[in-house]
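Undergrad: Whatever this is, show me its structure:
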Amino acid sequence: MARFQYAYQKIVDLKTSEKSQAEWQLSVVIGKLNNEEQSLQQLRQERASWAERLGAASSQAVSLSELLAMQQYIEHLDSRVVHKLADVKKAEIAVEAGRRVLSDRMMDEKVWQKTKSNAHDRFRADMMVREQNELDEIATARFMYAAQ
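TA: All right, here's what the predicted structure looks like:
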């Protein structure tokens, strides 16, 4: 019996490889997003801690220069939070782009897999027709041989 060989198997393999690569790239950008969000959370916690220190220091006898230094550091942390928010937004955009690419790659792979499946179904149907024709010929030959 003949073996099924899909003429476009290399394309199917390429599409599968592209999908795997897109999955890997998406996991990388998701990891970067998680890192950015974690960094933002740490900055916010540090800012809250310094704001609490500033509040506590303002009720005690602390020099004005120390209070100003704390306030300036809190403002610096605020600017870092703003920059980190921009980084998080960029990472979110990269994740969305990665998801779209992965979705496209998955659709491509699915189309080629379906085409391969249809070709395999046609091959099997053709093979069944051939086998049935051979069986019919054998039955006819036996009938003719028995009739003689």
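
Undergrad: Need the pLDDT of Gln148.
TA: For Gln148, the pLDDT comes out at 72.

Undergrad: burial of it, as a residue count?
TA: By other C-beta atoms under 10 Å, 4 other residues sit near Gln148. For every residue, glycine as well, the C-beta is placed using N, CA and C.

Undergrad: Specify the local secondary structure of the residue most central in space within the chain.
TA: The residue lying closest to the centre of the chain (C-alpha atoms, centre = their mean) is Glu23, at 3.5 Å. What DSSP: H, G, I helix; E, B strand; the rest coil gives for Glu23 is helix.

Undergrad: Just the buried residues of stretch 119-136, please?
TA: Buried positions in stretch 119-136, judged by neighbour count with 16 or more other C-beta atoms under 10 Å: none.

Undergrad: just to revisit the earlier point, wouldn't the residue nearest to the centre of the chain be in contact with Leu102 here?
TA: Yes. Using C-beta atoms under 8 Å, Glu23 is in contact with Leu102, at 6.1 Å.

Undergrad: Confirm for me that Leu43 is in contact with Val81.
TA: Yes. Checked against C-beta under 8 Å, the pair Leu43 and Val81 is within contact range at 5.1 Å.
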